[in-house]
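Colleague: just need the structure, nothing else, for what follows:
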Amino acid sequence: MTRAARRERVKPYPRPKARRRWWGIPRMTVKVAVLAVVLVGVCIPAAAATAFWTLIKADVPGALPTDRNPRVRSMPTTVYDSQGNPISQFREFDLTVPTRPDDIPEVLQEAVIAVEDRNFWEHDGVDPEAIVRAALSNFESGETVEGGSTITQQYIKNTYTTGERNLSRKLREALLASRLEREVSKETILFRYLTSIYFGDGAYGVGAAAESYFRKPVSELTASEAALLAGTISSPNNYGPRVNADVAEQRRMVALRAMRDEGYLSLPEFRAAREEHLWYAPFGDPPGPATVVHPPPQNDVQTVHPYFVDYVRRFLAARFDHQTLYRGGLRVETTIDPGLQLQAQQAVARTLDGTAPPLEMSLVTVDPATGHVKAMVGGRDFAASQVNLALGGTLGVQPGSAFKAFVLASAFERGIVPDDRYPAPSSITLANCTGQCTVSNAEAGNGGEEDLRQATAHSVNTVFAQLIQDVGPQNVAELARRMGVRSIDPETTQYGVSLALGAYETSPLEMAAGYSVFANHGVRAPASPILRVLDHEGRVLMDNTAPQGDQVLDPAVADTVTAMLEGVITGGTGRAADIGRPAAGKTGTAQQYRAAWFVGYTPQLSTAVWMGYADVPRPLVGIKGAGSVFGGGFPAQTWADFMRTALADQPVIGFPVPGPLPIPTALAPTVAPADDPAAAATTVPFVPQPGVPMAPDSVPTDCGGPCDQTVTRDEP
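Modeller: This next block holds a predicted model:
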């Protein structure tokens, strides 16, 4: 039956002629009172309703709004490398699946009409019958159980209005729905509605819903699958099949009965579809005919740089809302250099060749001048493990003696100089410490003294235990955080001497970022994976192409630390990191050989390499013929392997000669608790005494329990 034929069936009810009566004078008062009541209680609302209905039906001038509600726009965010190549997408659902009017099966159209708007083919955008029916149902139940909006009104609400629950929005909806019906065919309205309505779990439109729930094109939907989708429309977050299977099954049956009652399904078809109960695919094969619902699809397309993309996602999620990131159509231009990334992956792969998981290695490299993260390897296989070790994994990783560089910098800020000498025994016990507060080296010392250059080159733990007592652990923690090691927080944690030995968790990314400040003469450009972020219209939302760093460390302090760390490579524990050009770095070996590091830099790149077990920390022994793995072994070799190729086309640049160290103005704690989080630090003016280190027994400490810090020296 055509639309005109359907409308012909509905004849306007003829209005009766009014009869004229004459009333006697005595009844005039009563007449006036009755008329007043009628006007106030009936005529005014009736007149308003009549006027509004006339307005809806009349062909008033005007047009539909040109701006559509952005809620129905859904565009994936695309991520690009530094060369402009797309490397990934962030999205909640796929609207790129082409959906044409001919793709939508009749059974799906009928299911939606039967559930949402059974008079769709008869009304002109607003359905008085549905409004009255919904009002009665809601009144009888005492709550809102049924809506009176037509499909056209729902489409208008989703497309042109903001969705507020108020009378103004409902009136505007009705007006726009009536106008849309006069300008667009019913078939077009239904198609637009079906390709934009929300079906839950991020699926907008029947094409996305069919792919998401059933893993099939929309054209192949069965009656039962169509009924399941139709049943979710009124409340997708409550009726979705992945949200509540029992409720979704009930809604499927409601839709099937409505289809039967409207004549869209014959009785045999209804009975067959009724038996296809909801079944969740991960449970295995269904026991019989079923409506099989699959798990949600992965949000991202495949990428060849999964660990870096994971970092990008986390970085942006902390700065943009979920809607913008996954549906806003952003263009994300990142810092990753595909050439350097490949070289990093190859260097790690060469080292891990012949080994097996859970042994892992991570590598991160940063441009000191900009903070741009150029390459990131978070593990050997993202498909096997999504734990991003470059970001510290799930709990963080201890940097071992690689943290000593920050102790040096804090010491130089406070008047200590490289020529200062400290006792260098093989083992030292800190006085006035409850429990065992002993720090040891891996091999016996000569019992003499070493200056800080020698102690740094040979990574002497006992010297750095005394040094951090002189400087104050909280001051070292503050400096490390200032330089970009954000997992170290002196505001929330009371640190002890073990901080000098890297006994607190951080990450390869933070260590590479922290060392980059030394390479950049004390200027910190915060580490970032982002060059620019643009919205879908090309407006720049974030611009990090030319970041301006902050001077967080005196240039002389930074350059002096660099000079000290050059000695680690030229004649210390990091000789395997020699790449034939000026470079500085520090080895790190965690307690009981549970992790090994090399963190180093040239003026162009700052790179951190970590090696350890990803599941449970345990000693790195017997790996590829090595007895015990030190930072100066595989990590330093991997660092050199990568840096040689990464810098092959770069000019050889030397480090500047350090200037005079600044005069100290800071305060340092004289009470430096070893590892007691509850202990309070006491600060007094710090008076440096170059060449005269504090005696251990003059530094009261209390680590509140066992304080054995037996940490291996970095070289046997």
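Colleague: going forward, measure contacts and count neighbours with C-alpha atoms only.
Modeller: OK.
Colleague: not counting sequence-adjacent ones, nearest residue to residue 590?
Modeller: On the basis of CA to CA, 6 or more residues apart in numbering, the spatially nearest residue to residue 590 that is not a chain neighbour turns out to be residue 400, at 4.4 Å.
Colleague: and for residue 119?
Modeller: Residue 119 sits nearest to residue 127 (CA to CA, 6+ apart), 7.4 Å away.
Colleague: could you check how far the one you found is from residue 456?
Modeller: Using CA to CA, to the nearest Å, residue 127 is found at 83 Å from residue 456.
Colleague: the more surrounded of the two?
Modeller: Set side by side, residue 127 and residue 456 show more neighbours around residue 456, with 28 against 20, by other CA atoms under 10 Å.
Colleague: thought the more buried one was touching residue 563?
Modeller: No. Using CA atoms under 8 Å, residue 456 is not in contact with residue 563, being 10.7 Å away.
Colleague: next one, pLDDT for the residue nearest to residue 119 please.
Modeller: On the pLDDT scale, residue 127 is placed at 77.
Colleague: and what of residue 441?
Modeller: Predicted confidence (pLDDT) for residue 441: 83.
Colleague: and the one 4 residues further on, by the same measure?
Modeller: pLDDT for residue 445: 53.
Colleague: next, count neighbours for residue 357.
Modeller: Neighbours of residue 357 (other CA under 10 Å): 14.
Colleague: so where does it fall, helix or strand?
Modeller: Here residue 357 sits in a region with no helix or strand, counting by DSSP states H and E.
Colleague: before we move on, what about the one 3 residues further on?
Modeller: Taking DSSP H and E as the criterion, the element that holds residue 360 is strand 359-366.
Colleague: which outside residues touch that strand?
Modeller: By CA atoms under 8 Å, 6 or more residues apart in numbering, the surrounding residues in contact with strand 359-366 are 344, 348, 352, 372-380, 389-390, 508-509, 512-513, 516, 527, 605-614.
Colleague: any of these buried? List them.
Modeller: Burial by neighbour count, 16 or more other CA atoms under 10 Å: within the contacts of strand 359-366 this picks out 344, 348, 352, 372-380, 389-390, 508-509, 512-513, 516, 527, 605-614.
Colleague: so for the strand holding residue 360, mean pLDDT?
Modeller: Mean per-residue pLDDT for strand 359-366: 97.
Colleague: then stretch 416-433?
Modeller: 87.
Colleague: tell me the buried residues in that stretch?
Modeller: Neighbour-count burial for stretch 416-433 flags 416-418, 420-431, 433 (criterion: 16+ other CA under 10 Å).
Colleague: residue 474: which of the residues you listed is nearest?
Modeller: Within the buried residues of stretch 416-433, the smallest distance to residue 474 is 16.7 Å, found for residue 416 (CA to CA).
Colleague: make sure the closest one is indeed in a helix.
Modeller: No. Per DSSP: H, G, I helix; E, B strand; the rest coil, residue 416 lies outside any helix segment and is coil.
Colleague: ok, it to residue 470 distance?
Modeller: The value you get for residue 416 to residue 470, if CA to CA is used, is 9 Å.
Colleague: ok, now how distant is residue 532 from residue 84?
Modeller: Noted for residue 532: a distance of 12 Å to residue 84, by CA to CA.
Colleague: pLDDT wise, what is the residue positioned nearest the centre of the chain at?
Modeller: The centroid of the chain falls nearest to residue 314 when counting by CA atoms, centre = their mean (3.3 Å). In this prediction, residue 314 carries a pLDDT score of 92.
Colleague: same question for residue 48.
Modeller: pLDDT for residue 48: 45.
Colleague: same check on residue 637?
Modeller: On pLDDT, residue 637 comes in at 98.
Colleague: I figured it hits residue 576, correct?
Modeller: Yes. The criterion here is CA under 8 Å, and residue 637 meets it with residue 576 at 5.6 Å.
Colleague: related to what we said a few turns ago, beyond the strand holding residue 360, next helix or strand please.
Modeller: Taking DSSP H and E, what comes next after strand 359-366 is strand 373-377.
Colleague: please save the CA atoms from that next one in CSV.
Modeller: Extracted C-alpha coordinates of strand 373-377, given in CSV (Å, rounded to 0.1, in the frame of the first residue of the first chain):
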residue,chain,number,x,y,z
VAL,A,373,61.1,9.9,21.6
LYS,A,374,62.7,8.6,18.4
ALA,A,375,62.5,4.8,19.0
MET,A,376,61.0,2.5,21.6
VAL,A,377,61.3,-1.3,22.1
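Colleague: parallel or antiparallel, list what pairs with it.
Modeller: Strand 373-377 pairs in its sheet with strand 359-366 (antiparallel), by DSSP bridges.
Colleague: lowest average confidence, helix or strand, in this protein?
Modeller: In the chain, the helix or strand scored least confidently by mean pLDDT, DSSP states H and E is strand 682-685, which has a mean of 32.
Colleague: ok, back up a step: give me the common contacts of residue 532 and residue 84.
Modeller: Counting by CA under 8 Å, 6+ apart, the residues touching both residue 532 and residue 84 are residue 333.
Colleague: and for the residue lying closest to residue 296 once chain neighbours are set aside, the neighbour number?
Modeller: Sequence neighbours aside, residue 212 is the residue nearest to residue 296 in space, at 6.0 Å (criterion: CA to CA, 6+ apart). Residue 212 is flanked by 24 other residues according to other CA under 10 Å.
Colleague: in a strand, residue 212, correct?
Modeller: No. With three-state DSSP as the criterion, residue 212 is located in helix rather than a strand.
Colleague: and it, how far from residue 229?
Modeller: Computed as CA to CA, the residue 212 to residue 229 distance reads 11 Å.
Colleague: state the helix or strand in which residue 405 lies.
Modeller: With DSSP H and E as criterion, residue 405 is part of helix 404-413.
Colleague: mind giving me the packing neighbours of that helix?
Modeller: Packing partners of helix 404-413 (3 or more CA pairs under 8 Å, 6 or more residues apart in numbering; DSSP states H and E): helix 461-471, helix 473-482, helix 555-571.
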